[in-house]
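**Student:** Sequence and predicted structure, then a few things I'm wondering about:
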Amino acid sequence: MLEQTEANDAPLLAIRHLNKSYGLVKAVNDVSLDVKAGEVVGLVGDNGAGKSTFLSLLSGYNRKDSGEFVYKGKSVTITSPRTSRRNLNIEMIYQNLSLAPDLPVWQNVFLGEEPRRFFLFLNKRQMIERTLDVLEQLNSKVQPTEFVGNLSGGEQQLVAIARALLFERDLIIMDEPTAAISVAKIEDVLQLIRDLKKHGKTVILVSHRLEDILSVADRIVVFSLGKIRDILENKNLSIEDLVRVMFQDRNRGEGQA
Amino acid sequence: MTVITATSDLKRIRSKVTQILGQTGSVRRPIAFLIIALVISTLLEPSFLTVRNLEALLVSSSFLMVIAVGEAVVIITGMIDLGVQSILASGGMLVAFLSVFGEFPAAISIPTGLLFGAVVGLVVGLLVTKGRIPSFIVTLGTYWGLRGVALIFNGGNYISPYSVTPVRNFGFEGIAGKMFGVPNLIIIAMVIIAAAQVALTYTPFGVWLKSIGSNEASGRTVGLNTDWIKISAFVISGVLAVLAGIMMTAWQSSVYPTTGAGYSLQAIAGVILGGIPFTGGRGTIVGAALGALVIGLIDDMIVLLGLPALYQYIFVAIILVVAGLQARSKGFVK
């Protein structure tokens, strides 16, 4: 199942036998996954398949019951969002983006990691210049001084992504990035994801929109009932293929566990 | 005569107003309020615009401005502190008690008082963040509870240097004095306002405060300790309230358990007048201080015009509604 297409490089992040239960429900059941550097991994699965719990374990919002994270060959512990960011060099982009609408772009992208002058003060010039740099890398005309609340949904997505580039995250997790934006802007966001890949970033993408996943993902991981049902190379796949894999349990009734 | 019927006309007027007065939270708004208030006051009473009266106005408003700075810090995070007037009274009583009855020098009584304010803020902050009780309810608690504490020190009586025989001075009367002809109370207020404004605009802490009011999740997802930021907002508010209490005690040469009564709501009114939306996220300290100054100015005018105090309440109410209109925030109103 786990085809090693590029045998030369070890996985950026290896997830080993991850488990998380809520009472009797095994939300994540013995999940193992290798994520290679520079690839876009799509996560699909019906509601309750375990995608969100899986992401929350990765981003430190929930603690795993058992299992191991191996990042660049080293086993790391994740106990909080802070340790996740530090140990996995991860940037998690939530569906609601978690930006502060009343703050300008430059303050949002640096929030919590502001460069300082004289120990105490914001280095505003540096913050604005670096923000502008990153926005230009993303081919955006958004100005660093604009208030985030005045930006469109797609532009806000871009601001959230800019953070990832700014802090040179290796791994970017995007949860439903196209759910809250207009259909006309979806292609822009997908293009952003392709650009991230071009910048050498690794992206894990969760979406209900299978056509988006098919359009950008290198591999597609299908979750079902807390387990990884299958991992598909995105070559000549159709939505129908994907749906068939997603729901094969249901069609079979109570098949293999 | 043209009648405005089309919404486009309304929109144009509104955008024109926004152009002049700035966006929600802009300091231009309280400046406009202050100018209007100054013009009306001068028209009503030409003697208003004298250096002597303006100095008196700034002195008598300095306490409210200092409290409004702390209140602004709390409201910018989207919370509220109803307890400042009782922190002021109990802190002022504590410092006076230590100085007069305890015979401590000001170098001990004043820091002790400020520490008291910090501890109150810490407890309030812990109850709000770790205890998950809304700030309105917790600070309603300090509002009532510390009123009681203020009554403890001298059996409900005021404290002044004459409370003991032989007479014993506070030791910090100089706070109400002058430096180079400028009242120290005005200098203290200005320094506090300037320092707080610099902190809000030019330090990461200021950005964090605003981020909490704007969208608390923004700070949490990047790993900010939002609980401690909220707690520090209450600590700042508590310390400044006690400072205002010390300033008032020096100014009046006495302190009553009821000193500062009504200041909590006046400070909140000043903050709203200063253009800070109740939901937080935006606004300036200078604006809040100017808002407090307008409230003080109304007080002053009522006295100058010889009107009964009831007009003060009515004017403040009217202005508050106007201020509330301009400080409206987008989205739902709670």
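**Tutor:** That came in fine, so what should we check first? Numbering: from 1, shown residues only, chains lettered A, B, ... in the order given.

**Student:** Ramachandran coordinates for B:Val123?
**Tutor:** phi -60, psi -50 (degrees, to the nearest 10).

**Student:** Equivalent analysis for the one 4 residues further on, please.
**Tutor:** Backbone torsions for B:Leu127, taken as degrees, to the nearest 10, come to phi -60, psi -40.

**Student:** Excluding chain neighbours, what is closest to it?
**Tutor:** The shortest distance from B:Leu127 to any non-neighbouring residue, by C-beta to C-beta, 6 or more residues apart in numbering or on different chains, is to B:Val138 (4.6 Å). Every C-beta, even on glycine, is put in place using the N, C-alpha and C of the backbone.

**Student:** what sits against the one you found?
**Tutor:** Listed by C-beta atoms under 8 Å, 6 or more residues apart in numbering or on different chains, the contact set of B:Val138 reads B:124, B:127-128, B:131.

**Student:** And B:Met93, by the same measure?
**Tutor:** B:149-150, B:153-154, B:159, B:245, B:255, B:257, B:259.

**Student:** What about those, which one has the most neighbours?
**Tutor:** Counting neighbours by other C-beta atoms under 10 Å in any protein chain shown, B:Gly245 leads these with 35 neighbours.

**Student:** circling back: quick one: buried residues of the helix or strand harbouring the residue nearest to B:Leu127?
**Tutor:** Following DSSP states H and E, the helix or strand that holds B:Val138 is helix B:135-152. By neighbour count on 16 or more other C-beta atoms under 10 Å in any protein chain shown, the buried set for helix B:135-152 is B:135, B:138-139, B:141-143, B:146-147, B:149-151.

**Student:** Up against chain A, what does chain B have?
**Tutor:** By C-beta under 8 Å from any C-beta of the partner chain, the residues of chain B that approach chain A are B:25, B:202-204, B:207-208, B:210-211, B:213-215, B:217-224, B:281-282, B:330.

**Student:** what's the burial count for A:Ser32?
**Tutor:** Applying other C-beta under 10 Å, I find that A:Ser32 has 13 neighbouring residues.

**Student:** can I assume it sits in a strand?
**Tutor:** Yes - counting by DSSP: H, G, I helix; E, B strand; the rest coil, A:Ser32 is part of a strand.

**Student:** wait, isn't it in contact with A:Val221?
**Tutor:** No - A:Ser32 lies out of contact with A:Val221 (C-beta atoms under 8 Å); the separation is 10.8 Å.

**Student:** Now for those two: what residues contact both?
**Tutor:** Shared contacts of A:Ser32 and A:Val221, defined by C-beta under 8 Å, 6+ apart, are found at A:Ile228.

**Student:** quick check, distance from the strand or helix carrying B:Gln85 to the centre of its chain.
**Tutor:** Here B:Gln85, judged by DSSP H and E, is contained in helix B:84-100. In terms of C-alpha atoms, centre = their mean, to the nearest Å, the centre of helix B:84-100 is set 17 Å apart from its chain centre.

**Student:** which bits of the stretch 51-200 of chain A sit near chain B?
**Tutor:** Counting by C-beta under 8 Å from any C-beta, the residues of the stretch 51-200 of chain A lying close to chain B are A:80-82, A:85, A:92, A:94, A:96, A:98-103, A:107-108, A:111-114, A:116, A:120-122, A:124, A:149, A:163.

**Student:** Give me the ChimeraX select line for those, limited to the buried ones.
**Tutor:** The buried residues among those can be selected in ChimeraX (16+ other C-beta under 10 Å) with this line:
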select /A:81,85,92,94,96,98,99,100,101,102,103,107,108,111,112,114,121,122,124,149,163
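
**Student:** low-scoring stretches of the stretch 51-200 of chain A, by residue?
**Tutor:** For the stretch 51-200 of chain A, the stretches flagged by pLDDT under 70 are A:97.

**Student:** redo that, cut-off 80
**Tutor:** A:81, A:95-97, A:180-182, A:184-185 (pLDDT under 80).

**Student:** got JSON lines for the buried residues of helix B:135-152, with pLDDT too?
**Tutor:** Formatted as JSON lines, the buried residues of helix B:135-152 follow (pLDDT from 0 to 100):
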{"residue": "B:Ser135", "pLDDT": "95"}
{"residue": "B:Val138", "pLDDT": "96"}
{"residue": "B:Thr139", "pLDDT": "96"}
{"residue": "B:Gly141", "pLDDT": "96"}
{"residue": "B:Thr142", "pLDDT": "95"}
{"residue": "B:Tyr143", "pLDDT": "96"}
{"residue": "B:Leu146", "pLDDT": "95"}
{"residue": "B:Arg147", "pLDDT": "93"}
{"residue": "B:Val149", "pLDDT": "94"}
{"residue": "B:Ala150", "pLDDT": "94"}
{"residue": "B:Leu151", "pLDDT": "93"}
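
**Student:** for these, which one is nearest chain A?
**Tutor:** B:Ser135 (19.0 Å; C-beta to the nearest C-beta).

**Student:** show me the contacts for the closest one.
**Tutor:** Residues near B:Ser135 by C-beta under 8 Å, 6+ apart: B:74, B:79-81, B:124, B:128, B:234.

**Student:** So which of those residues wins on neighbours?
**Tutor:** B:Phe234 (33 neighbours).

**Student:** So which elements touch the strand or helix carrying it?
**Tutor:** Counting by DSSP H and E, the element that carries B:Phe234 is helix B:226-252. Applying 3 or more C-beta pairs under 8 Å, 6 or more residues apart in numbering or on different chains; DSSP states H and E, one finds that helix B:226-252 contacts helix B:51-76, helix B:84-100, helix B:106-129, helix B:184-202, helix B:204-214, helix B:216-221.

**Student:** what comes up buried for the shortest one?
**Tutor:** Of the residues in helix B:216-221, those buried under the neighbour-count criterion (16+ other C-beta under 10 Å) are B:216-221.

**Student:** export it as PDB, just CAs?
**Tutor:** What follows is helix B:216-221, C-alpha atoms only, in PDB (Å, rounded to 0.1, in the frame of the first residue of the first chain):
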ATOM      1  CA  GLU B 216      -9.300  35.400  20.800                       C
ATOM      2  CA  ALA B 217      -8.700  32.300  18.600                       C
ATOM      3  CA  SER B 218      -6.000  34.200  16.700                       C
ATOM      4  CA  GLY B 219      -3.800  34.300  19.700                       C
ATOM      5  CA  ARG B 220      -4.500  30.800  20.900                       C
ATOM      6  CA  THR B 221      -3.700  29.200  17.600                       C
END
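
**Student:** What mean pLDDT does that helix get?
**Tutor:** For helix B:216-221, mean pLDDT is 88.

**Student:** ditto for the first one
**Tutor:** In this model, helix B:51-76 carries a mean pLDDT of 95.
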